[in-house]
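Colleague: This is a predicted model, with the sequence first.
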Amino acid sequence: MTIPLRRLPFLVQQIVIKQMCLKPIFLLTALSTKMSKIVFLALRLERISLTYNVNRSIEITRQVPDEHSLDLFHQSKQCLALEYKFFKLLKQDDVSTREVSTEEPLITNSIQTFWQFELETLMKFILHKFPNAILKLKFGTPDIEIFRNAMQMIKESKLITKVNVNEIKVEPCLSDLDAIWARTYNDFLRLVLDEGRCAERLHVYHIASDNFVYDINQPPFTFDEFCFTDAEWISKNHFLKLLLTCKSVRLLGVEYSNEDLVEILKGWQESSSLNALYMQRIDINDELDLETIMLQFPQARIVRCVRYPSDSPNRRNNDFFSKQCFEIQKLNGEQKLIICDVLYEIIITSHWEALEFEGEEGQNWQDVGEDGEDEEMDDEQ
């Protein structure tokens, strides 16, 4: 015996909807305004994530074990001839769908659906039906108009948590055509940095052209997380004026000198929101030297062992050689920062907990004598 969902008591409706997978849930939101409200109330406390790969696909996921994601694609002419199951959304014609379940562990199981609506129209519909969702944006091409239109569509919703710009490599060339591409690309990158300010996290995987310049007099960034994979254009002054107000910064391909890092650390000591900084250098044989940098911070402490935070994938302790890791403190004494140099990466973070020090508190770290601990560590390893 089939019982209509609308006739069930409200609390029973909530339980039934929570047990459904995403495809029927999504279709329920299109039946009526009342049913859409019932779905919203049932899922208001669940973590719904929307990933909008602009002009390519929309992915809806939620944190439920073994749950398939729901992928939405625009209906192309090539799909019309294929035989799939059909269903309708609102007043549109029948739309083909196909379910894909893969056993590959690195690929998320998904239900793929094809729609005659443009993805932008679908995205507006989904944002309206899931107003509390967490939204991620992905842009695969450096198209200024596409980026501007997508940002305009969702800016007022204030749901953005991550703008993810895929890597686009522009090879420098002397031809006029390549010069036009580079010029357009630079304009696109500036637009991403300007318009991406409405996001909480901005990840830029583009490779910047050699002549890329960003105005240092722009307002400071306030991202929870800022990542740039080709950060050679980010000078010391860029960092001090734009990035000290972010919470976490990851830069790949930077070329800072010892003096640059000293100024960055002193800027953090005076006033900064920065909790973590990861800088990957281009050349391990450059002149950057942590011990030389720390000469400007005589009250720093040499750290020999740290503990990673509780939410780290590998909750464990990590040992360092003497003068490979230091701890400094803000001038107001409110926060401590750990600085270490590991291969190509300089890590500066307040998330680690120092467990073991060399020397006494308040002692100038340069006065700490050699005690043979390095040799002991070598023997243990």
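Modeller: Now that the structure is in, tell me what you want to look at.

Colleague: Only C-alpha atoms from now on, for both contacts and neighbour counts.
Modeller: OK.

Colleague: I figured residue 300 hits residue 364, correct?
Modeller: Yes: here residue 300 lies in contact with residue 364, judged by CA atoms under 8 Å, at a distance of 7.3 Å.

Colleague: So for those two, which sits in the more crowded spot?
Modeller: Comparing residue 300 with residue 364 by other CA atoms under 10 Å, the one with more neighbours is residue 300, at 21 against 16.

Colleague: Which secondary structure element is home to the residue nearest to that one when sequence neighbours are not counted?
Modeller: Leaving aside its sequence neighbours, residue 300 sits nearest to residue 328 (CA to CA, 6 or more residues apart in numbering; 4.8 Å). If you go by DSSP states H and E, residue 328 is part of strand 325-329.

Colleague: Tell me the strands beside that strand, with direction?
Modeller: Taking DSSP bridges as the criterion, strand 325-329 sits next to strand 301-307 (antiparallel), strand 336-342 (antiparallel) in its sheet.

Colleague: For the ones you listed, which has the smallest mean pLDDT value?
Modeller: Mean pLDDT is lowest for strand 336-342 among the strands paired with strand 325-329, at a mean of 87.

Colleague: tell me which residues in that one are buried?
Modeller: Going by neighbour count (16 or more other CA atoms under 10 Å), the buried part of strand 336-342 is 336-341.

Colleague: so what's the residue nearest to residue 300 up against?
Modeller: 297, 299-301, 336-339 (CA atoms under 8 Å, 6 or more residues apart in numbering).

Colleague: could you pull out the helices for the chain?
Modeller: 10-19, 22-28, 33-43, 77-80, 119-129, 144-155, 176-195, 236-238, 258-270, 290-294, 373-380 (DSSP state H).

Colleague: Relative to residue 317, which of those helices is closest?
Modeller: Closest to residue 317 of these, according to CA to CA: helix 373-380, at 14.7 Å.

Colleague: Where does pLDDT dip in the stretch 51-200 of the chain?
Modeller: 65-66, 75-110, 114, 116-117, 155-183 (pLDDT under 70).

Colleague: Go again with 80.
Modeller: Applying pLDDT under 80 to the stretch 51-200 of the chain picks out residues 63-68, 72-118, 121, 128, 131-132, 140-142, 153-185.

Colleague: first to last residue in stretch 200-209, what's the distance?
Modeller: One end of stretch 200-209 to the other measures 25 Å (CA to CA, to the nearest Å).

Colleague: Please apply the same query to stretch 226-241.
Modeller: Note: stretch 226-241 ends 14 Å apart using CA to CA.

Colleague: Buried residues of it, list them for me.
Modeller: 226-234, 236, 238-241.

Colleague: Any chance of those residues in JSON lines with pLDDT and distance to residue 188 as columns?
Modeller: Formatted as JSON lines, the buried residues of stretch 226-241 follow (pLDDT from 0 to 100; distance: CA to CA, whole Å):
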{"residue": "226", "pLDDT": "93", "distance to residue 188": "17"}
{"residue": "227", "pLDDT": "90", "distance to residue 188": "17"}
{"residue": "228", "pLDDT": "90", "distance to residue 188": "15"}
{"residue": "229", "pLDDT": "84", "distance to residue 188": "16"}
{"residue": "230", "pLDDT": "84", "distance to residue 188": "15"}
{"residue": "231", "pLDDT": "89", "distance to residue 188": "16"}
{"residue": "232", "pLDDT": "88", "distance to residue 188": "18"}
{"residue": "233", "pLDDT": "91", "distance to residue 188": "15"}
{"residue": "234", "pLDDT": "93", "distance to residue 188": "17"}
{"residue": "236", "pLDDT": "94", "distance to residue 188": "23"}
{"residue": "238", "pLDDT": "95", "distance to residue 188": "19"}
{"residue": "239", "pLDDT": "95", "distance to residue 188": "21"}
{"residue": "240", "pLDDT": "95", "distance to residue 188": "24"}
{"residue": "241", "pLDDT": "95", "distance to residue 188": "22"}
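
Colleague: still on that earlier bit, can you redo the buried residues of strand 336-342 as CSV with distance to residue 197?
Modeller: Below are the buried residues of strand 336-342 laid out as CSV (distance: CA to CA, whole Å):
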residue, distance to residue 197
336, 28
337, 26
338, 28
339, 28
340, 30
341, 30
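
Colleague: so where is the stretch 251-381 of the chain shaky, pLDDT-wise?
Modeller: 281-288, 309-316, 334, 343-344, 362, 368-381.

Colleague: at 50 instead, please
Modeller: Counting by pLDDT under 50, the ranges of the stretch 251-381 of the chain that qualify are 371-381.

Colleague: on that earlier part again, could you redo the strands paired with strand 325-329 as a markdown table and give each row distance to residue 192?
Modeller: Formatted as a markdown table, the strands paired with strand 325-329 follow (distance: least, CA to CA, whole Å):
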| stretch | distance to residue 192 |
| --- | --- |
| strand 301-307 | 36 |
| strand 336-342 | 30 |
